[in-house]
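sequence first, then the predicted structure, then my questions.
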Amino acid sequence: MTLFYFSIFIISFIILVYSSKGLVASINILARFLGWKEFVVAFFTMAIAATIPNLTIGISSALHKIPHLSYSEITGGNIIDLTITMALAVLISKRGLKLVSRTVQGTAISTLLLSILSLILTLDKEISRIDGLILILSFIMYSFWLFGRKDRFSKIYKKTKKPLGLKGIFHYLFEIIFLIILLLLAAECIVRSVIYFSSLLNLPLVLIGVLIVSLGNALPELFFSVQAVKKGKSWMVAGNLMGAVIFPMTLVVGLVALICPIKVSGLSVFVIGRLFLIIAAVFFLIFIRTGKRITKKEAVFLLFIYFAFILTEVLFYI
């Protein structure tokens, strides 16, 4: 039985990763064909696609009355995006990651403020349905700010080499729907596997979520960021990662809380995770506002933050 659940867990994660990657590619092709602005694709389309695994696991865990699994994996995923994924992109780049865009810097500030808001909402030991509405409202406000100025959309992608006909459009729409269904099924299998191993190993669901599930869900962002930085598109790395942090922590957590309020007990994985997320967001903001780039030395420091987070979480449960 253990081998069965382990196999299901691994296969589901592989499906989750590759389905997410295929979903991003399909959406990007449609975005190019429709002539969407370059900035929209990076900050909105890619981030939404990368957030779908969080959303599917979130809905599944909320329906199973274990919303803390979703919250913990989102917390861990947020930290991974701002530390490991960003650091690897910087280390792969030739001269570090240049981030001079005011929008990226403004979003970094928004990330920090939303991280603090998320921590404040846990002080009453619950993320209630009202808190969920507050998080969703904050996401809407961020979206209005993001798309409120036309000068943020000055660059435009070239359209696909071969124009898509009606048949091509329906092909990619069908592919998107099919991949989303795969993601939903994979998420359901992951949640059931995590419940089994949590019971077998006598480990808290939140610890498994923040250490294991979060790492698996962050793989699509990592793959995309590595490919983007190899092509010299550092703004796409920042756009994808910042969106992949803000969307789950506001929209997804908000929706999960609406379905099933999230209980928070004492100095838990949630509080520790949010504290480390705030630390990562603070240093990320400092790095991009001082030298307008993230250097390789700063990338190593971001890696140190993640490993300190893992060590703290493990020691807390020993």
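All right, it came through fine.

quick one, strands of this structure?
Using DSSP state E, the strands found in the chain span residues 97-98, 126-127, 262-263, 293-294.

for the residue nearest to residue 309 when sequence neighbours are not counted, list the residues it contacts.
Spatial nearest neighbour of residue 309, excluding adjacent residues (C-beta to C-beta, 6 or more residues apart in numbering): residue 276 at 4.2 Å. Glycine gets a C-beta too; all of them are placed from N, C-alpha and C. Going by C-beta atoms under 8 Å, 6 or more residues apart in numbering, residue 276 touches 79, 305, 308, 309, 312.

can you redo those as CSV with distance to residue 115 and pLDDT?
Conversion of those to CSV gives the following (distance: C-beta to C-beta, whole Å; pLDDT from 0 to 100):
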residue, distance to residue 115, pLDDT
79, 10, 89
305, 13, 94
308, 17, 92
309, 13, 89
312, 17, 87
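
drop anything exposed from those residues.
Buried by 16 or more other C-beta atoms under 10 Å: 79, 305, 309, out of the contacts of residue 276.

mind checking which of those land in helices?
Among these, the subset assigned to helices under DSSP state H consists of 79, 305, 309.

I figured the second one hits residue 84, correct?
The reference is to residue 305. No - counting by C-beta atoms under 8 Å, residue 305 stays clear of residue 84, with 9.4 Å between them.

for residue 226, see how far away the most centrally placed residue in the chain is.
The structure's the chain has its C-alpha centroid closest to residue 244; by C-alpha atoms, centre = their mean the separation is 3.5 Å. Remark: distance between residue 244 and residue 226 (C-beta to C-beta, to the nearest Å) = 14 Å.

related to what we said a few turns ago, any idea how far the residue nearest to the centre of the chain is from residue 3?
Distance from residue 244 to residue 3, by C-beta to C-beta: 33 Å.

the helices in the stretch 151-300 of the chain, which residues?
For the stretch 151-300 of the chain, the helices defined by DSSP state H, counting those that start in this stretch occupy 166-201, 205-208, 214-217, 219-230, 234-247, 253-259, 269-290, 296-317.

which of the ones you listed is buried the deepest?
Of all the helices of the stretch 151-300 of the chain, helix 234-247 has the most neighbours on average by mean count of other C-beta atoms under 10 Å, namely a mean of 26.

got the angle between that one and helix 269-290?
Between helix 234-247 and helix 269-290, the angle comes out at 150 degrees (axes from the mean of the first three to the mean of the last three C-alpha atoms, to 10 degrees).

how about helix 234-247 as CSV, C-alpha atoms only?
Written as CSV, here are the backbone C-alpha positions of helix 234-247 (Å, rounded to 0.1, in the frame of the first residue of the first chain):
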residue,chain,number,x,y,z
SER,A,234,15.2,38.9,-16.8
TRP,A,235,12.0,41.0,-16.6
MET,A,236,10.0,37.8,-17.4
VAL,A,237,11.7,36.0,-14.5
ALA,A,238,10.8,38.7,-12.1
GLY,A,239,7.3,39.1,-13.6
ASN,A,240,6.6,35.4,-13.4
LEU,A,241,7.9,34.9,-9.9
MET,A,242,6.3,38.0,-8.3
GLY,A,243,3.0,37.0,-9.8
ALA,A,244,3.5,33.4,-8.7
VAL,A,245,3.9,34.8,-5.1
ILE,A,246,1.1,37.4,-5.0
PHE,A,247,-1.6,35.3,-6.8
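
same for that helix, what does it pack against?
On a contact count with 3 or more C-beta pairs under 8 Å, 6 or more residues apart in numbering; DSSP states H and E, helix 234-247 meets helix 46-63, helix 86-92, strand 97-98, helix 102-121, helix 129-146, helix 219-230.

any idea which of these is most buried?
Most buried of the helices and strands packed on helix 234-247, by mean neighbour count (mean count of other C-beta under 10 Å): helix 46-63, with a mean of 25.

packing partners of it?
Looks like helix 46-63 contacts helix 2-34, helix 67-80, helix 166-201, helix 214-217, helix 219-230, helix 234-247, helix 253-259 (3+ C-beta pairs under 8 Å, 6+ apart).

dump it to CSV, restricted to CA.
Included here for helix 46-63 are C-alpha records, laid out as CSV according to Å, rounded to 0.1, in the frame of the first residue of the first chain:
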residue,chain,number,x,y,z
MET,A,46,2.3,33.1,-16.9
ALA,A,47,1.6,33.8,-13.2
ILE,A,48,-2.0,32.6,-13.5
ALA,A,49,-0.9,29.4,-15.2
ALA,A,50,1.8,28.8,-12.6
THR,A,51,-0.8,29.4,-9.9
ILE,A,52,-3.2,26.7,-11.2
PRO,A,53,-1.4,23.9,-9.3
ASN,A,54,-1.8,25.9,-6.1
LEU,A,55,-5.5,26.5,-6.9
THR,A,56,-6.3,22.9,-7.7
ILE,A,57,-4.6,21.5,-4.5
GLY,A,58,-6.2,24.4,-2.5
ILE,A,59,-9.7,23.5,-3.6
SER,A,60,-9.1,19.8,-3.2
SER,A,61,-7.7,20.2,0.3
ALA,A,62,-10.5,22.7,1.3
LEU,A,63,-13.1,20.2,0.2
